[in-house]
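*Asks:* need the 3D shape of this:
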Amino acid sequence: MPPTIRRAVIPAAGLGSRLLPLTKATPKEMLPVGDKPVIEHTVRELVASGITDITIVVSGGKSLIQDHFRPSPGLVAQLRADGKSGYADAVEEVADLARTGHITYLDQHGPYGNGTPVLNAARAFGDEPVLVLWPDDVFVAEVPRAQQLIRAYMKTACPVLALLPMNRADSQRYGVPIVQEDMGGGMLRITGLVEKPKPADAPSQYAAIGGYVITPDIVDELRERTHRWYEARDRGEPVGEVYLTDAINAHAANHAVYGQVIQGTWYDTGNPADYLVAQMAHALAHPEYGPVLRDLVHRLDSSGSDGSSTTT
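*Replies:* I've put the predicted structure just below:
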């Protein structure tokens, strides 16, 4: 039986440039979706899936993330003294979540690219598999996406990518897997990824979205790519970025890699339009806020303007 997955990495060192100026002072990971910052949704998903060791890889200007998950006994005491026990309980729950997930923080260093934070954290992995989830994705699912990925790994003992069905017209937004075999139950054997192909060139009808189980072989591939990056830089040659998907793609050329089609709804918060969609969807699903927003939408539809009533 393959080793149990107990570790996860959340790369949170990006600039959030697509959301500027909103993210100039506030990390994109701390923007709210519903009544929680987006990164808390990711942490909750991991803890609900049995992960007990979470590394959040950060960069300068991300102290708000640590502050959010840090215990605040003074604030809790003040809230309880003011009779606001519900708020105090909510603050304590977030700190308990961080303790359960054993969150640690690591400063990113090395080449730019989303493979670097994984490699930065890899010294603690040993021979263990590890989950990698982006902090600007929110999944709503009966079974957490992370748990679905873990189940797929336990069946295969191989790297696993989270997949979703896509409209081929949208293929230029995603990495699209080359499917070798449909294993049933939403599991696909894949031999590589084609990055952002034209619709006519898309090798399948699936998109690779945020969520991976990576194995030590993938870490070795990242390490080799990083080594070559430094060699090229030292020779004065142009250098690009070190991408996790490139390492997985290279590994898939000669080794088994699988994709798991995720059951659930994915919200990407990395750009303004998608962020607003995520906000609206979560607010509409909220038992208190949902009715208020539906009433607002009804009034806007009726007035055709700013929600003010009209008379005839």
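*Asks:* now do residue 187: how many residues are near it, please.
*Replies:* Burial of residue 187 is recorded as 18 neighbouring residues (other C-beta atoms under 10 Å). For the C-beta atoms, the positions are set from N, CA and C on the backbone; glycine is no exception.
*Asks:* same thing with residue 205?
*Replies:* Neighbours of residue 205 (other C-beta under 10 Å): 14.
*Asks:* wait, what's in contact with it?
*Replies:* Counting by C-beta atoms under 8 Å, 6 or more residues apart in numbering, residue 205 makes contact with 165-166, 168.
*Asks:* so which of these wins on neighbours?
*Replies:* residue 166 (18 neighbours).
*Asks:* wait, it sits on residue 208?
*Replies:* No. With contact defined as C-beta atoms under 8 Å, residue 166 and residue 208 do not form a contacting pair (9.6 Å).
*Asks:* joint contacts of these two?
*Replies:* Common neighbours of residue 166 and residue 208 (C-beta under 8 Å, 6+ apart) are 174, 176.
*Asks:* what ranges of the chain fall below the confidence cut-off?
*Replies:* 304-312 (pLDDT under 70).
*Asks:* which residues in it form helices?
*Replies:* Along the chain, counting by DSSP state H, helices occupy 38-48, 63-69, 73-81, 85-100, 116-121, 145-156, 216-234, 244-252, 272-285, 289-303.
*Asks:* so which of the ones you listed is the most surrounded?
*Replies:* helix 116-121 (a mean of 24; mean count of other C-beta atoms under 10 Å).
*Asks:* which strands or helices does that helix pack on?
*Replies:* Helix 116-121 sits against strand 7-12, strand 53-58, strand 103-107, strand 130-132, helix 216-234, with contacts defined as 3 or more C-beta pairs under 8 Å, 6 or more residues apart in numbering; DSSP states H and E.
*Asks:* sheet partners, orientation included, of the shortest one?
*Replies:* According to DSSP bridges, the neighbouring strands of strand 130-132, each with its direction, are strand 7-12 (parallel), strand 206-214 (antiparallel).
*Asks:* dump the shortest one to PDB, restricted to CA.
*Replies:* Listed next in PDB are the C-alpha coordinates belonging to strand 7-12 (Å, rounded to 0.1, in the frame of the first residue of the first chain):
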ATOM      1  CA  ARG A   7       1.700  16.800   4.000                       C
ATOM      2  CA  ALA A   8       0.500  19.600   1.800                       C
ATOM      3  CA  VAL A   9       2.100  22.800   0.200                       C
ATOM      4  CA  ILE A  10       0.200  26.000  -0.500                       C
ATOM      5  CA  PRO A  11       2.300  28.300  -2.700                       C
ATOM      6  CA  ALA A  12       1.300  31.800  -1.600                       C
END
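*Asks:* between the helices of the chain, which one is nearest to residue 108?
*Replies:* helix 116-121 (5.3 Å; C-beta to C-beta).
*Asks:* could I have that closest one exported to CSV, CA atoms only?
*Replies:* Output of helix 116-121 as CSV, limited to C-alpha atoms (Å, rounded to 0.1, in the frame of the first residue of the first chain):
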residue,chain,number,x,y,z
THR,A,116,10.0,26.8,-6.8
PRO,A,117,7.8,26.9,-3.7
VAL,A,118,7.3,23.1,-3.9
LEU,A,119,11.0,22.6,-4.2
ASN,A,120,11.6,25.0,-1.3
ALA,A,121,9.3,22.9,0.9
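*Asks:* from residue 163, how far off is residue 292?
*Replies:* Going from residue 292 to residue 163 by C-beta to C-beta, to the nearest Å gives 36 Å.
*Asks:* quick revisit: tell me which of the strands paired with strand 130-132 sits most buried.
*Replies:* Ranked by mean neighbours (mean count of other C-beta under 10 Å), the strands paired with strand 130-132 are led by strand 7-12, with a mean of 25.
*Asks:* quick check: residue 32 vs residue 286, distance?
*Replies:* In terms of C-beta to C-beta, residue 32 sits 12 Å off from residue 286.
*Asks:* quick one: contacts for the residue most central in space within the chain?
*Replies:* In the chain, the centroid-proximal residue (C-alpha atoms, centre = their mean) is residue 134; its distance is 2.3 Å. For residue 134, the contact set (C-beta under 8 Å, 6+ apart) comprises 10-11, 42, 114, 210-211.
*Asks:* take those residues and lay them out in JSON lines including distance to residue 151.
*Replies:* JSON lines is the format used below for the contacts of residue 134 (distance: C-beta to C-beta, whole Å):
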{"residue": "10", "distance to residue 151": "20"}
{"residue": "11", "distance to residue 151": "23"}
{"residue": "42", "distance to residue 151": "19"}
{"residue": "114", "distance to residue 151": "24"}
{"residue": "210", "distance to residue 151": "18"}
{"residue": "211", "distance to residue 151": "13"}
